[in-house]
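Novice: What follows is a predicted structure for the sequence shown.
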Amino acid sequence: MTHASLTTSPDGTVSPFLSIVVPCFNEQEGIAHLVERCRASAATIFGDDYEVILIDDGSTDNTWDMIREEIGKCAQVTGIRLSRNFGHQIALTAGLAAVKGSVVLVIDADLQDPPELVGPMLQRMRETRADVVYGQRRSRAGEGWFKKKSASLFYRLLERTTDIIIPRDTGDFRLMSRRVADLVARMPERDRFIRGMVASLGFRQVPFVYDRQERFAGRTKYPLRKMVAFATDAFLGYSMVLLRFSSLAALGMFLVLLVVAGYSLYSWMYLEVVPGWTSLMISTILASLFQLVSLSIIGEYVGRIYLSSKERPLFVVDAIERRGHDGGEPAASAGVDPQARPPQGIET
(Lines give C-alpha, C1' and ligand atoms only; values in the text may rest on other atoms or scores of the structure.)
Protein backbone atom coordinates (compact mmCIF):
# COMPACT_ATOMS: atom_id res chain seq x y z
CA MET A 1 0.00 0.00 0.00
CA THR A 2 1.26 3.44 -0.81
CA HIS A 3 1.31 6.07 1.90
CA ALA A 4 -0.28 8.60 -0.43
CA SER A 5 -3.43 6.53 -0.60
CA LEU A 6 -3.95 6.24 3.14
CA THR A 7 -5.93 8.67 5.24
CA THR A 8 -5.48 9.55 8.91
CA SER A 9 -8.51 9.63 11.18
CA PRO A 10 -8.90 12.15 14.06
CA ASP A 11 -7.66 9.58 16.59
CA GLY A 12 -4.38 9.21 14.68
CA THR A 13 -5.02 5.75 13.21
CA VAL A 14 -4.42 5.10 9.54
CA SER A 15 -7.38 3.86 7.49
CA PRO A 16 -7.47 2.62 3.90
CA PHE A 17 -8.95 4.44 0.93
CA LEU A 18 -11.11 2.31 -1.39
CA SER A 19 -11.21 2.50 -5.18
CA ILE A 20 -14.05 0.68 -6.95
CA VAL A 21 -13.32 0.05 -10.64
CA VAL A 22 -16.28 -0.71 -12.92
CA PRO A 23 -15.94 -1.25 -16.71
CA CYS A 24 -19.21 -0.36 -18.46
CA PHE A 25 -20.51 -1.12 -21.96
CA ASN A 26 -24.11 -0.27 -22.90
CA GLU A 27 -25.28 -0.34 -19.29
CA GLN A 28 -27.52 2.74 -19.27
CA GLU A 29 -30.40 0.94 -17.49
CA GLY A 30 -28.32 0.03 -14.45
CA ILE A 31 -25.80 2.85 -13.92
CA ALA A 32 -27.85 4.74 -11.31
CA HIS A 33 -28.56 1.62 -9.25
CA LEU A 34 -24.95 0.45 -9.66
CA VAL A 35 -23.55 3.71 -8.27
CA GLU A 36 -26.11 3.76 -5.46
CA ARG A 37 -25.14 0.28 -4.26
CA CYS A 38 -21.41 0.88 -4.66
CA ARG A 39 -21.59 4.14 -2.72
CA ALA A 40 -23.69 2.62 0.07
CA SER A 41 -21.39 -0.36 0.40
CA ALA A 42 -18.24 1.76 0.43
CA ALA A 43 -19.60 4.38 2.81
CA THR A 44 -20.55 1.72 5.36
CA ILE A 45 -16.92 0.65 5.73
CA PHE A 46 -14.84 3.61 4.53
CA GLY A 47 -17.01 6.64 5.23
CA ASP A 48 -16.10 9.25 2.61
CA ASP A 49 -12.71 7.69 1.87
CA TYR A 50 -13.61 6.00 -1.39
CA GLU A 51 -13.98 6.57 -5.12
CA VAL A 52 -16.08 4.88 -7.80
CA ILE A 53 -14.39 4.83 -11.21
CA LEU A 54 -16.74 4.08 -14.11
CA ILE A 55 -15.09 3.35 -17.47
CA ASP A 56 -17.30 3.77 -20.54
CA ASP A 57 -15.87 1.30 -23.07
CA GLY A 58 -17.22 3.00 -26.20
CA SER A 59 -20.90 2.47 -25.41
CA THR A 60 -23.44 3.13 -28.16
CA ASP A 61 -26.31 3.98 -25.81
CA ASN A 62 -26.62 6.67 -23.12
CA THR A 63 -24.19 5.07 -20.68
CA TRP A 64 -21.83 8.08 -20.72
CA ASP A 65 -24.69 10.52 -20.11
CA MET A 66 -25.79 8.45 -17.12
CA ILE A 67 -22.22 8.40 -15.80
CA ARG A 68 -21.98 12.19 -16.11
CA GLU A 69 -25.26 12.51 -14.26
CA GLU A 70 -23.89 10.46 -11.37
CA ILE A 71 -20.70 12.56 -11.36
CA GLY A 72 -22.87 15.63 -10.86
CA LYS A 73 -24.52 14.03 -7.84
CA CYS A 74 -21.41 12.78 -6.03
CA ALA A 75 -17.82 14.01 -5.85
CA GLN A 76 -16.56 10.45 -5.24
CA VAL A 77 -17.64 9.30 -8.71
CA THR A 78 -15.14 9.53 -11.57
CA GLY A 79 -15.90 8.80 -15.23
CA ILE A 80 -13.43 7.69 -17.89
CA ARG A 81 -14.63 7.58 -21.50
CA LEU A 82 -12.61 5.55 -23.97
CA SER A 83 -12.49 6.71 -27.58
CA ARG A 84 -13.97 3.41 -28.85
CA ASN A 85 -14.80 -0.08 -27.69
CA PHE A 86 -11.46 -1.62 -26.66
CA GLY A 87 -12.90 -4.58 -24.79
CA HIS A 88 -13.61 -5.38 -21.16
CA GLN A 89 -10.04 -6.23 -20.14
CA ILE A 90 -8.56 -3.06 -21.65
CA ALA A 91 -11.28 -0.92 -20.07
CA LEU A 92 -10.54 -2.54 -16.71
CA THR A 93 -6.85 -1.75 -17.17
CA ALA A 94 -7.70 1.90 -17.87
CA GLY A 95 -9.54 2.01 -14.55
CA LEU A 96 -6.70 0.35 -12.64
CA ALA A 97 -4.30 2.93 -14.06
CA ALA A 98 -6.41 5.72 -12.55
CA VAL A 99 -7.01 4.45 -9.01
CA LYS A 100 -5.96 6.44 -5.94
CA GLY A 101 -6.97 3.98 -3.24
CA SER A 102 -4.87 1.69 -1.10
CA VAL A 103 -7.31 -1.16 -1.79
CA VAL A 104 -9.07 -1.72 -5.11
CA LEU A 105 -12.36 -3.54 -5.73
CA VAL A 106 -12.94 -4.74 -9.30
CA ILE A 107 -16.58 -5.36 -10.18
CA ASP A 108 -18.73 -5.66 -13.31
CA ALA A 109 -21.53 -3.21 -14.05
CA ASP A 110 -24.22 -5.90 -14.26
CA LEU A 111 -24.21 -6.30 -10.44
CA GLN A 112 -24.02 -10.08 -10.63
CA ASP A 113 -21.17 -9.68 -8.15
CA PRO A 114 -22.62 -7.85 -5.11
CA PRO A 115 -20.65 -4.74 -4.05
CA GLU A 116 -21.97 -5.31 -0.53
CA LEU A 117 -19.35 -8.05 -0.15
CA VAL A 118 -16.55 -5.48 0.04
CA GLY A 119 -16.78 -5.49 3.87
CA PRO A 120 -16.39 -9.28 4.32
CA MET A 121 -13.71 -9.37 1.62
CA LEU A 122 -11.74 -6.62 3.36
CA GLN A 123 -12.06 -8.50 6.64
CA ARG A 124 -10.69 -11.65 5.00
CA MET A 125 -7.84 -9.65 3.50
CA ARG A 126 -6.88 -8.37 6.93
CA GLU A 127 -7.21 -11.76 8.63
CA THR A 128 -5.06 -13.55 6.06
CA ARG A 129 -2.72 -10.62 5.33
CA ALA A 130 -3.40 -11.28 1.65
CA ASP A 131 -2.81 -8.96 -1.30
CA VAL A 132 -5.69 -10.42 -3.31
CA VAL A 133 -9.08 -11.74 -2.23
CA TYR A 134 -10.74 -13.18 -5.31
CA GLY A 135 -14.40 -14.05 -5.56
CA GLN A 136 -14.98 -17.75 -6.18
CA ARG A 137 -18.44 -18.60 -7.44
CA ARG A 138 -20.37 -21.23 -5.51
CA SER A 139 -23.43 -20.82 -7.74
CA ARG A 140 -24.29 -18.79 -10.85
CA ALA A 141 -27.90 -17.58 -10.84
CA GLY A 142 -29.51 -16.54 -14.12
CA GLU A 143 -27.02 -18.33 -16.37
CA GLY A 144 -27.95 -21.11 -18.78
CA TRP A 145 -26.70 -24.68 -18.90
CA PHE A 146 -24.33 -24.01 -21.79
CA LYS A 147 -22.70 -21.00 -20.12
CA LYS A 148 -22.13 -22.90 -16.88
CA LYS A 149 -20.76 -26.05 -18.52
CA SER A 150 -18.53 -24.19 -20.98
CA ALA A 151 -17.12 -22.00 -18.19
CA SER A 152 -16.44 -25.06 -16.04
CA LEU A 153 -14.68 -26.82 -18.94
CA PHE A 154 -12.64 -23.70 -19.73
CA TYR A 155 -11.27 -23.31 -16.21
CA ARG A 156 -10.42 -26.98 -15.86
CA LEU A 157 -8.63 -27.13 -19.21
CA LEU A 158 -6.76 -23.94 -18.37
CA GLU A 159 -5.74 -25.36 -15.00
CA ARG A 160 -4.28 -28.48 -16.65
CA THR A 161 -2.35 -26.64 -19.37
CA THR A 162 -0.72 -23.74 -17.52
CA ASP A 163 2.17 -23.49 -15.09
CA ILE A 164 0.44 -20.66 -13.22
CA ILE A 165 -2.32 -21.57 -10.78
CA ILE A 166 -5.40 -19.72 -12.02
CA PRO A 167 -8.25 -20.48 -9.58
CA ARG A 168 -11.34 -22.24 -10.87
CA ASP A 169 -14.77 -20.62 -11.08
CA THR A 170 -13.52 -17.07 -10.70
CA GLY A 171 -13.96 -13.87 -12.67
CA ASP A 172 -12.47 -10.43 -12.33
CA PHE A 173 -14.43 -9.73 -9.13
CA ARG A 174 -11.72 -9.30 -6.50
CA LEU A 175 -10.29 -7.01 -3.84
CA MET A 176 -6.62 -6.14 -4.43
CA SER A 177 -3.94 -4.17 -2.69
CA ARG A 178 -2.74 -1.04 -4.47
CA ARG A 179 0.61 -2.58 -5.36
CA VAL A 180 -1.06 -5.46 -7.22
CA ALA A 181 -3.33 -3.05 -9.10
CA ASP A 182 -0.33 -0.92 -10.10
CA LEU A 183 1.66 -3.94 -11.27
CA VAL A 184 -1.21 -5.18 -13.43
CA ALA A 185 -1.73 -1.74 -14.97
CA ARG A 186 2.01 -1.51 -15.77
CA MET A 187 2.23 -4.88 -17.52
CA PRO A 188 2.55 -4.01 -21.24
CA GLU A 189 0.88 -6.97 -22.96
CA ARG A 190 -1.99 -6.11 -25.32
CA ASP A 191 -4.04 -9.33 -25.30
CA ARG A 192 -4.90 -9.12 -21.64
CA PHE A 193 -6.33 -11.81 -19.37
CA ILE A 194 -6.54 -9.95 -16.07
CA ARG A 195 -7.23 -12.89 -13.77
CA GLY A 196 -4.22 -14.70 -15.24
CA MET A 197 -2.05 -11.59 -14.92
CA VAL A 198 -3.00 -11.19 -11.26
CA ALA A 199 -2.29 -14.87 -10.60
CA SER A 200 1.12 -14.61 -12.31
CA LEU A 201 2.26 -11.90 -9.87
CA GLY A 202 2.21 -14.20 -6.88
CA PHE A 203 1.77 -12.70 -3.38
CA ARG A 204 -0.78 -14.21 -1.01
CA GLN A 205 -4.09 -14.71 -2.83
CA VAL A 206 -7.08 -16.23 -1.05
CA PRO A 207 -10.61 -17.15 -2.17
CA PHE A 208 -13.87 -15.67 -1.00
CA VAL A 209 -16.74 -18.02 -1.82
CA TYR A 210 -20.04 -16.36 -2.77
CA ASP A 211 -23.23 -16.90 -4.77
CA ARG A 212 -23.38 -14.97 -8.02
CA GLN A 213 -26.66 -13.16 -8.60
CA GLU A 214 -28.72 -12.56 -11.71
CA ARG A 215 -27.95 -9.59 -13.95
CA PHE A 216 -29.72 -6.47 -12.63
CA ALA A 217 -30.67 -5.01 -16.03
CA GLY A 218 -29.97 -5.36 -19.73
CA ARG A 219 -28.45 -8.32 -21.56
CA THR A 220 -25.08 -10.01 -21.34
CA LYS A 221 -22.28 -8.33 -23.30
CA TYR A 222 -20.42 -11.61 -23.72
CA PRO A 223 -21.98 -13.57 -26.61
CA LEU A 224 -20.43 -16.82 -27.82
CA ARG A 225 -18.06 -15.00 -30.18
CA LYS A 226 -16.53 -12.93 -27.39
CA MET A 227 -16.39 -15.93 -25.07
CA VAL A 228 -14.36 -17.87 -27.65
CA ALA A 229 -12.03 -14.88 -28.22
CA PHE A 230 -11.56 -14.49 -24.46
CA ALA A 231 -10.75 -18.18 -24.02
CA THR A 232 -8.30 -17.98 -26.94
CA ASP A 233 -6.47 -15.05 -25.32
CA ALA A 234 -6.24 -17.04 -22.09
CA PHE A 235 -4.82 -20.17 -23.70
CA LEU A 236 -2.42 -18.33 -26.03
CA GLY A 237 -1.25 -16.04 -23.24
CA TYR A 238 -0.71 -18.62 -20.50
CA SER A 239 -0.39 -22.00 -22.18
CA MET A 240 1.86 -23.41 -24.90
CA VAL A 241 -0.34 -26.46 -25.44
CA LEU A 242 -1.48 -25.27 -28.88
CA LEU A 243 2.08 -24.65 -30.03
CA ARG A 244 3.07 -28.06 -28.72
CA PHE A 245 0.36 -29.80 -30.69
CA SER A 246 2.88 -30.69 -33.39
CA SER A 247 5.01 -32.40 -30.72
CA LEU A 248 2.06 -34.54 -29.70
CA ALA A 249 1.35 -35.29 -33.37
CA ALA A 250 4.99 -36.30 -33.88
CA LEU A 251 4.75 -38.70 -30.94
CA GLY A 252 1.58 -40.20 -32.38
CA MET A 253 3.19 -40.47 -35.79
CA PHE A 254 6.16 -42.30 -34.26
CA LEU A 255 3.83 -44.89 -32.72
CA VAL A 256 2.07 -45.28 -36.06
CA LEU A 257 5.48 -45.69 -37.73
CA LEU A 258 6.36 -48.59 -35.47
CA VAL A 259 3.07 -50.35 -36.24
CA VAL A 260 3.27 -49.73 -40.01
CA ALA A 261 6.95 -50.64 -40.16
CA GLY A 262 6.22 -53.92 -38.41
CA TYR A 263 3.31 -54.68 -40.74
CA SER A 264 5.36 -53.71 -43.81
CA LEU A 265 8.20 -56.03 -42.85
CA TYR A 266 5.73 -58.83 -42.13
CA SER A 267 4.07 -58.30 -45.52
CA TRP A 268 7.43 -58.26 -47.28
CA MET A 269 8.49 -61.51 -45.64
CA TYR A 270 5.24 -63.54 -45.71
CA LEU A 271 2.78 -61.90 -48.10
CA GLU A 272 2.82 -60.99 -51.74
CA VAL A 273 3.25 -57.24 -52.08
CA VAL A 274 4.05 -54.91 -54.94
CA PRO A 275 7.83 -54.42 -55.16
CA GLY A 276 8.83 -51.15 -53.48
CA TRP A 277 5.64 -50.86 -51.41
CA THR A 278 7.38 -51.58 -48.12
CA SER A 279 10.16 -49.05 -48.63
CA LEU A 280 7.68 -46.44 -49.93
CA MET A 281 5.46 -46.73 -46.83
CA ILE A 282 8.35 -46.52 -44.39
CA SER A 283 9.94 -43.62 -46.29
CA THR A 284 6.65 -41.67 -46.33
CA ILE A 285 6.09 -42.06 -42.60
CA LEU A 286 9.72 -41.19 -41.81
CA ALA A 287 9.43 -38.00 -43.88
CA SER A 288 6.18 -37.05 -42.12
CA LEU A 289 7.75 -37.76 -38.74
CA PHE A 290 10.74 -35.58 -39.58
CA GLN A 291 8.45 -32.71 -40.62
CA LEU A 292 6.40 -32.88 -37.43
CA VAL A 293 9.51 -33.02 -35.25
CA SER A 294 10.88 -29.97 -37.07
CA LEU A 295 7.58 -28.12 -36.56
CA SER A 296 7.56 -29.00 -32.85
CA ILE A 297 11.06 -27.58 -32.43
CA ILE A 298 10.09 -24.41 -34.30
CA GLY A 299 6.94 -24.20 -32.16
CA GLU A 300 8.99 -24.26 -28.97
CA TYR A 301 11.14 -21.38 -30.20
CA VAL A 302 8.12 -19.39 -31.39
CA GLY A 303 6.36 -19.97 -28.08
CA ARG A 304 9.32 -18.73 -26.05
CA ILE A 305 9.72 -15.69 -28.30
CA TYR A 306 6.00 -14.95 -27.93
CA LEU A 307 6.09 -15.18 -24.14
CA SER A 308 9.23 -13.01 -24.03
CA SER A 309 7.55 -10.37 -26.21
CA LYS A 310 4.92 -9.86 -23.50
CA GLU A 311 7.67 -8.42 -21.28
CA ARG A 312 6.26 -9.88 -18.09
CA PRO A 313 8.53 -9.38 -15.10
CA LEU A 314 10.95 -12.21 -14.41
CA PHE A 315 10.16 -11.85 -10.72
CA VAL A 316 8.27 -9.59 -8.30
CA VAL A 317 9.86 -8.64 -4.98
CA ASP A 318 7.48 -8.75 -2.03
CA ALA A 319 9.92 -7.45 0.62
CA ILE A 320 13.58 -7.50 1.62
CA GLU A 321 14.83 -7.70 5.19
CA ARG A 322 18.36 -6.94 6.41
CA ARG A 323 19.83 -6.79 9.85
CA GLY A 324 20.75 -3.20 10.67
CA HIS A 325 24.40 -2.20 10.87
CA ASP A 326 23.96 -1.42 14.56
CA GLY A 327 23.09 -5.06 15.27
CA GLY A 328 19.46 -4.30 15.99
CA GLU A 329 16.36 -6.06 14.76
CA PRO A 330 16.05 -6.87 11.03
CA ALA A 331 14.81 -3.90 9.06
CA ALA A 332 11.93 -4.57 6.63
CA SER A 333 12.35 -2.95 3.26
CA ALA A 334 10.49 -2.89 -0.05
CA GLY A 335 13.54 -1.55 -1.85
CA VAL A 336 16.12 -3.52 -3.81
CA ASP A 337 19.88 -3.25 -3.60
CA PRO A 338 20.86 -1.66 -6.96
CA GLN A 339 24.04 -3.74 -7.14
CA ALA A 340 22.20 -6.99 -6.51
CA ARG A 341 19.10 -6.35 -8.63
CA PRO A 342 18.84 -8.49 -11.76
CA PRO A 343 17.26 -6.86 -14.85
CA GLN A 344 13.52 -6.95 -15.63
CA GLY A 345 12.39 -7.43 -12.04
CA ILE A 346 9.72 -5.38 -10.33
CA GLU A 347 9.91 -4.14 -6.77
CA THR A 348 6.78 -3.16 -4.91
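Specialist: Okay, I see it. Residues are numbered from 1 along each chain as shown.

Novice: show me where pLDDT drops low in the stretch 1-150 of the chain?
Specialist: 1-15, 140-148, 150 (pLDDT under 70).

Novice: Show me where it has its strands.
Specialist: In the stretch 1-150 of the chain, the segments counted as strands under DSSP state E, counting those that start in this stretch are 6-8, 14-16, 18-24, 50-56, 77-81, 103-106, 132-140.

Novice: export those to TSV and tack on mean neighbour count and distance to Glu70?
Specialist: Backbone N, C-alpha and C define where each C-beta goes, glycine included. Converted to TSV, the strands of the stretch 1-150 of the chain look like this (neighbours: other C-beta atoms under 10 Å; distance: least, C-beta to C-beta, whole Å):
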stretch	mean neighbour count	distance to Glu70
strand 6-8	13	23
strand 14-16	15	23
strand 18-24	27	11
strand 50-56	25	7
strand 77-81	19	5
strand 103-106	27	17
strand 132-140	19	24
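
Novice: and those strands as JSON lines, adding distance to Asp169?
Specialist: Below are the strands of the stretch 1-150 of the chain laid out as JSON lines (distance: least, C-beta to C-beta, whole Å):
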{"stretch": "strand 6-8", "distance to Asp169": "33"}
{"stretch": "strand 14-16", "distance to Asp169": "28"}
{"stretch": "strand 18-24", "distance to Asp169": "20"}
{"stretch": "strand 50-56", "distance to Asp169": "25"}
{"stretch": "strand 77-81", "distance to Asp169": "29"}
{"stretch": "strand 103-106", "distance to Asp169": "16"}
{"stretch": "strand 132-140", "distance to Asp169": "5"}
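
Novice: closest to Gly95 out of these?
Specialist: Among those, strand 18-24 comes nearest to Gly95, with 3.7 Å by C-beta to C-beta.

Novice: Please report how far Leu227 lies from Leu96.
Specialist: For residue 227 the amino acid is Met, not Leu. 23 Å (C-beta to C-beta, to the nearest Å).

Novice: ok, the two, which is more surrounded?
Specialist: The neighbour comparison of Met227 against Leu96 (other C-beta atoms under 10 Å) goes to Leu96, with 24 against 16.

Novice: Quick one: residues contacting the more buried one.
Specialist: 21, 104, 106, 181-182, 184-185 (C-beta atoms under 8 Å, 6 or more residues apart in numbering).

Novice: Once you drop chain neighbours, what's closest to it?
Specialist: Ala185 (4.2 Å; C-beta to C-beta, 6 or more residues apart in numbering).

Novice: Met187 now?
Specialist: Met197 is the one closest to Met187 (C-beta to C-beta, 6+ apart), at 5.8 Å.

Novice: that's a strand at the one you found, yeah?
Specialist: No. Per DSSP: H, G, I helix; E, B strand; the rest coil, Met197 lies outside any strand segment and is helix.

Novice: I'd guessed it sits against Ala185; true?
Specialist: No. With contact defined as C-beta atoms under 8 Å, Met197 does not reach Ala185; the gap is 9.9 Å.

Novice: between those two, which one's more packed in?
Specialist: A side-by-side neighbour count of Met197 and Ala185, using other C-beta under 10 Å, places Met197 first with 23 against 17.

Novice: Let me see the contact set for that one.
Specialist: Neighbours of Met197 in contact, by C-beta under 8 Å, 6+ apart: 184, 187, 189.

Novice: Specify which member of the residues you listed is nearest to Arg39.
Specialist: Val184 (24.6 Å).

Novice: thinking again about what came up before, check which helix or strand covers the residue nearest to Leu96.
Specialist: Secondary structure assigned from DSSP states H and E places Ala185 in helix 178-186.

Novice: Which strands or helices does that helix pack on?
Specialist: Judged by 3 or more C-beta pairs under 8 Å, 6 or more residues apart in numbering; DSSP states H and E, the packing partners of helix 178-186 are helix 88-96, strand 103-106, helix 194-201.
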